[in-house]
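In: Could you work out the structure for the sequence below:
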Amino acid sequence: MLINFPYIQRDSPVHRLDARAKLLLLFAFSFAVAQTSNFWVILAALIGAMLYYRQTYLKWSETRRTWYFVIALNIMIVLSNFFVSGGVIIRGTDVVTPHVFYQLPFIGFTSSSPFIGITALPISIENLTFLATQAMRNFGIAFLAISLPYTTNPSHIARAIKGLGVPDNISYAVDLTFRFLPTVGRDFSTTMDAQRARGFEIDKLRGGVFGKIARLAPLIVPLVIGSIVGAEDIINAMELRCFGSGKRSWLTELRFRRIDQLVVILTLITFFAITILNILGNYYASGPLHILHIQGIPYALFTH
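Out: Residues are numbered from 1 along each chain as shown. Okay, the predicted model is just below:
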């Protein structure tokens, strides 16, 4: 049986929002913040996302594990991007003369054979600002993304995606995707408990990396086979209901309230304003219309 992410039923402003409004807000926010690396714009977006998340009334004890994963993943992505790119600032951002204050010896690519060697990794105000901007952007998206499964009834997900104009088959595929990871996690826990009851000691695996992987077969094989069997059951159930033969009806009907309409209107206005400002910034080399193409660093703080 499929299960879902831990939806927490609670009476909060975000819980009462229509699922379509929350999905549209998440997508629009993600695409909007991806159009700029301006420190202050991203900071304002992060603050707005934090205020939105605060309205979910979610407790730290309820989302602790999810946030541990998000924090670790964000740090890994930002740092790996920084070192792999050699501290390069994103294209489209005006950086004429970087303010480098340290050269860090690091392994990088060279122009001659063997094409890998010790190079200087510049540590500057600009790339550190870009580093912080990336982290804030990811956390801003995370605040909206984490609140979605915890505050949205699982039965509303597919209906909300369908309500955004997506075909039935794609809507149901996304709904199954939402259920896949927690279902596999449940099956893995069940399989591990069953194998431990049979004397399999997973905590005392010996040998190298490949040896340990080979000894995990009593866990991996039942999990993979169970997933395949579960997928076949879903396919058979969909075929029995003639899924895909015509327009589908949905058990749950979603209705927009005034607050939902207001959220959608403000979301679309903000998204299109950011997009237009980003496009106009390519034609104006300075001024307010170029704000999304600068980092917004107050250099006066570093010149004294």
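
In: Can you list the low-confidence ranges for the stretch 51-200 of the chain?
Out: 86-98, 100, 102-120, 181, 200 (pLDDT under 70).

In: would you list every one of the helices in the stretch 201-304 of the chain?
Out: Secondary structure of the stretch 201-304 of the chain (DSSP state H, counting those that start in this stretch): helices located at 209-215, 217-240, 258-280.

In: Buried deepest among those, which one?
Out: helix 258-280 (a mean of 15; mean count of other C-beta atoms under 10 Å). (Each C-beta comes from the backbone N, C-alpha and C, glycine too.)

In: coming back round to it: between the helices of the stretch 201-304 of the chain, which gets nearest to residue 56?
Out: helix 258-280 (14.1 Å; C-beta to C-beta).

In: and residue 294, how far is that from residue 125?
Out: 13 Å (C-beta to C-beta, to the nearest Å).

In: before we move on, what about residue 199?
Out: 59 Å.

In: With residue 12 instead?
Out: Counting by C-beta to C-beta - residue 12 and residue 125 are separated by 40 Å.

In: Then residue 140?
Out: In terms of C-beta to C-beta, residue 140 sits 22 Å off from residue 125.

In: of the two, who's got more company?
Out: residue 140 (25 against 17; other C-beta atoms under 10 Å).

In: my guess is that one meets residue 43, correct?
Out: No - taking contacts as C-beta atoms under 8 Å, residue 140 lies outside contact range of residue 43: 9.2 Å.

In: would you list every one of the strands in the stretch 1-150 of the chain?
Out: According to DSSP state E, counting those that start in this stretch, the stretch 1-150 of the chain carries its strands in the segments 100-109, 116-124.

In: Which parts of the chain belong to which domain?
Out: 12-97+128-152+256-299, 154-253 (automatic domain parsing).

In: could the ones you listed go into JSON lines alongside distance to residue 121?
Out: Formatted as JSON lines, the domains of the chain follow (distance: least, C-beta to C-beta, whole Å):
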{"stretch": "domain 12-97+128-152+256-299", "distance to residue 121": "5"}
{"stretch": "domain 154-253", "distance to residue 121": "29"}
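
In: Comparing the ones you listed, which comes out most buried?
Out: Comparing those by mean neighbour count (mean count of other C-beta under 10 Å), domain 12-97+128-152+256-299 ranks first with a mean of 16.

In: give the contact list for residue 56.
Out: 10, 12, 14, 15, 147, 150, 151 (C-beta atoms under 8 Å, 6 or more residues apart in numbering).

In: again, only using 10 Å
Out: By C-beta atoms under 10 Å, 6 or more residues apart in numbering, the contact set of residue 56 is 8, 10, 12-15, 17, 62-63, 143, 146-148, 150-151.

In: Figure out how far stretch 281-294 is from the centre of its chain.
Out: 28 Å (C-alpha atoms, centre = their mean, to the nearest Å).

In: What is the nearest of the contacts of residue 56 to residue 168?
Out: Among the contacts of residue 56, and counting by C-beta to C-beta, the member closest to residue 168 is residue 148, at 20.8 Å.

In: Pretty sure the closest one sits against residue 15.
Out: No - using C-beta atoms under 10 Å, residue 148 is not in contact with residue 15, being 11.2 Å away.

In: so what sits against both of those two?
Out: With C-beta under 10 Å, 6+ apart, residue 148 and residue 15 have common neighbours 22, 56.

In: Out of the helices of the stretch 201-304 of the chain, which is closest to residue 27?
Out: So among the helices of the stretch 201-304 of the chain, helix 258-280 is nearest, using C-beta to C-beta, at 8.8 Å.

In: Residue 10 contacts residue 147, doesn't it?
Out: No - taking contacts as C-beta under 10 Å, residue 10 lies outside contact range of residue 147: 11.5 Å.

In: Show me whatever sits in contact with both of these two.
Out: 56, 58.

In: and after the helix or strand harbouring residue 157, which helix or strand comes next?
Out: Under the criterion DSSP states H and E, the helix or strand holding residue 157 is helix 154-163. Heading C-terminal from helix 154-163, the first helix or strand you meet, by DSSP H and E, is helix 168-197.

In: separation between residue 9 and residue 99?
Out: Distance from residue 9 to residue 99, by C-beta to C-beta: 51 Å.
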